[in-house]
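[1] fold the following for me, if possible:
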Amino acid sequence: MDTVLPSTTNDLLVADHVRKLYPKGSGEDLLVLDDVTLTLRTNEIVSLLGRSGSGKSSLLRIIAGLMPASSGTVSIAGRPVQGPAPEVAMVFQTFALFPWLTVLENVEIGLEAQRVAPAERHKRALAAIDLIGLDGYESAYPKELSGGMRQRVGLARALVVHPRLLLMDEAFSALDVLTAETLRTDLLDLWCEGRMPISSILLVTHNIEEAVLMSDRILVLASNPGRISAEINVTLPQPRNRLDPAFRALVDDIYARMTARTPGKTVQGMFPGTGISLELRRVSPNLLAGLMEQVAAEPHHGKADLPALAGPLQMEIDDLFPVAETLQLLRFAEVAEGDIRLTDAGRRFVDLDPDGRKRLFSQHVLAYVPLAGHIKRVLDERGSHAAPASRFKDELEDHMPVLSAEQTLKTVTSWARYGEIFAYDEDTGVFSLDNPA
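    Presented below is the predicted three-dimensional model:
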């Protein structure tokens, strides 16, 4: 095993050259994290910010000791992490409560596992429940609580064991906007008042504003494989105001970093692979058309600042970037420096009637999505003008994980149907050129 980096008195967490590979059916391992090195100091909140596929959650689980790294080391307070780390507690995106236990029993469960005496764990659980604002709900069951209240129970269950490090894996993403904002504010108030029994927080998020709102530092993870591409110090005083020009400027800067082009690549990060092995995210033609219409309309007139679009549309990174970058892949838009600009083709699309839009969309899908062109050629060459979808799925699985192959094929099928390129029969699982719709 590699030697753990020496920890300074202020370094609570040290991750050193962490890599993570997952086996693929084709025999070639999938590299999810590559050479990730980071530190987390005492008394700070750090966000891991990145899109889907950047390995954020995998990194968090490695730090918690819930899965091993393929190489590299992690230490907490100078001690190597080998298995579940007792100094760490974790709050997940899903509430992960036991439905047959009351609020009090759910909060006590971690202390029970640590063999804490009943009287002590009861006392600590009541204190944690009171701390996170659920006093009076001790005997309620999860089904009786709102989403925000259930997440508060998850937070109390994490805090009650008095961890040194609190890990939060997109803990607010399953909540509605107002509930998430309330819980964030309450958590920050408790942190700033020094009332939480923890030393530091490591937060995984794909919400740029959330990262700026909460963090002392932001680590931006690039995708495919995940690796730290930027470290940003946030020096704005708490409490932070989203409308503060300095706050907005930092959000804009992060958007620009995350949409910066890699030299020599037309599309980066979002679409790994080449040829028919190009992995695609599930983005519907309706979303593509809707974003083009939004950018074309006033006050943008064909060019818009992505943060300015994200706010009114209530879209986060994992909502907005796949749509914007799919438009870039199809050459309907260009995305760079935090902006999206419609190309001439994108402007023409917005001005066309429904049939004209379909024809233009079809031309771009066949020109810029190799898998669509491949399926169309196979159908053209066959006398029956039909072929089983499984044939193409098997081809994709030679280059990508099974779930990615399924998603890519579903995406191409959706685009082909809209553009009337070819048809797909759900019952038989067959592509054909017969009456495409």
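
[2] got a list of contacts for the longest helix seen in the chain?
    Looking across the chain with DSSP state H, the single longest helix is helix 402-419. Contact with helix 402-419 is made by 25, 278-285, 358-359, 361-362, 365, 369, 371-372, 375-376, 389, 392-393, 396-397, 400, 421-424, 431, 436-437, as judged by C-beta atoms under 8 Å, 6 or more residues apart in numbering. Yep, even glycine has a C-beta here, placed from its N, CA and C like the rest.

[3] ok, now with 7 Å
    Helix 402-419 is contacted by residues 25, 279-285, 358, 361-362, 365, 369, 371-372, 375, 389, 392-393, 396-397, 422, 424, 437 when judged by C-beta atoms under 7 Å, 6 or more residues apart in numbering.

[4] now those residues: which count as buried?
    279-281, 283, 285, 358, 361-362, 365, 369, 371-372, 375, 389, 392-393, 396-397, 422, 424 (16 or more other C-beta atoms under 10 Å).

[5] run the chain-centre distance for the longest helix of the chain.
    21 Å (C-alpha atoms, centre = their mean, to the nearest Å).

[6] output the contacting helices and strands for whichever helix or strand comes after it.
    Counting by DSSP states H and E, the element after helix 402-419 in chain order, helix or strand, is strand 423-425. On a contact count with 3 or more C-beta pairs under 7 Å, 6 or more residues apart in numbering; DSSP states H and E, strand 423-425 meets strand 430-432.

[7] where does the stretch 201-350 of the chain dip in pLDDT?
    259-275, 310-318 (pLDDT under 70).

[8] which stretches of it form strands?
    Listed in chain order, the strands of the stretch 201-350 of the chain (DSSP state E, counting those that start in this stretch) span 217-222, 227-233, 303-305, 333-336, 339-342.

[9] columns distance to residue 149 and mean neighbour count on top of these, output as CSV?
    Shown next, in CSV, are the strands of the stretch 201-350 of the chain (distance: least, C-beta to C-beta, whole Å; neighbours: other C-beta atoms under 10 Å):
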stretch, distance to residue 149, mean neighbour count
strand 217-222, 29, 22
strand 227-233, 33, 15
strand 303-305, 36, 18
strand 333-336, 39, 20
strand 339-342, 38, 22
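
[10] mind giving me the domain split of this structure?
    43-68+82-257, 275-432 (automatic domain parsing).

[11] can you lay out those domains as JSON lines showing distance to residue 76?
    Listed next are these as JSON lines, based on distance: least, C-beta to C-beta, whole Å:
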{"stretch": "domain 43-68+82-257", "distance to residue 76": "5"}
{"stretch": "domain 275-432", "distance to residue 76": "28"}
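
[12] quick one: closest of the ones you listed to residue 13.
    With C-beta to C-beta as the measure, domain 43-68+82-257 is the member of the domains of the chain nearest residue 13 (6.2 Å).

[13] who's in contact with residue 65?
    Per C-beta under 7 Å, 6+ apart, neighbours of residue 65: 81-85.

[14] oh sorry, the question was meant for residue 106
    Contacts of residue 106 by C-beta under 7 Å, 6+ apart are 97-98, 153, 157.

[15] residue 340 now?
    Residue 340 neighbours (C-beta under 7 Å, 6+ apart): 295, 304, 306, 324, 333.

[16] one step back: mind checking which of the contacts of residue 106 land in helices?
    Going by DSSP H, the helices hold 153, 157 from the contacts of residue 106.

[17] need the contacts of residue 106 in a markdown table (columns: distance to residue 51 and pLDDT).
    Output for the contacts of residue 106, formatted as a markdown table (distance: C-beta to C-beta, whole Å; pLDDT from 0 to 100):
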| residue | distance to residue 51 | pLDDT |
| --- | --- | --- |
| 97 | 28 | 82 |
| 98 | 32 | 85 |
| 153 | 29 | 85 |
| 157 | 29 | 84 |
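
[18] residues of whatever helix or strand residue 109 lives in that come out buried?
    Using DSSP H and E, residue 109 maps to helix 103-113. Neighbour counts using 16+ other C-beta under 10 Å place 103-111 of helix 103-113 among the buried residues.

[19] where does the closest residue in space to residue 378 that isn't next to it in sequence land in three-state SS?
    Counting by C-beta to C-beta, 6 or more residues apart in numbering, residue 378 lies nearest to residue 387, which is 5.3 Å off, once chain neighbours are set aside. For residue 387, the assignment made with DSSP: H, G, I helix; E, B strand; the rest coil gives strand.

[20] you'd agree residue 387 is up against residue 379?
    Yes. Using C-beta atoms under 7 Å, residue 387 is in contact with residue 379, at 6.0 Å.

[21] what touches both of the two?
    residue 431.

[22] helix or strand: which one has residue 137?
    Residue 137 is part of no helix or strand, with elements assigned from DSSP H and E.

[23] quick one: it from residue 41, how far?
    According to C-beta to C-beta, to the nearest Å, residue 137 and residue 41 sit 35 Å apart.

[24] hmm, back to that, out of the buried ones among the contacts of helix 402-419, list just those in helices.
    Going by DSSP H, the helices hold 285, 358, 361-362, 365, 371-372, 375, 389, 392-393, 396-397 from the buried ones among the contacts of helix 402-419.

[25] would you turn those residues into JSON lines with distance to residue 143?
    Shown next, in JSON lines, are those (distance: C-beta to C-beta, whole Å):
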{"residue": "285", "distance to residue 143": "38"}
{"residue": "358", "distance to residue 143": "46"}
{"residue": "361", "distance to residue 143": "45"}
{"residue": "362", "distance to residue 143": "48"}
{"residue": "365", "distance to residue 143": "45"}
{"residue": "371", "distance to residue 143": "44"}
{"residue": "372", "distance to residue 143": "45"}
{"residue": "375", "distance to residue 143": "46"}
{"residue": "389", "distance to residue 143": "40"}
{"residue": "392", "distance to residue 143": "43"}
{"residue": "393", "distance to residue 143": "39"}
{"residue": "396", "distance to residue 143": "41"}
{"residue": "397", "distance to residue 143": "40"}
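
[26] what's the burial count for residue 253?
    17 (other C-beta atoms under 10 Å).

[27] from now on call the first residue 44
    Shifting the count to begin at 44 puts that one at residue 296.

[28] just for the stretch 94-243 of the chain, where's the confidence low?
    Within the stretch 94-243 of the chain, the ranges that satisfy pLDDT under 70 run 95-96, 138, 217, 219.
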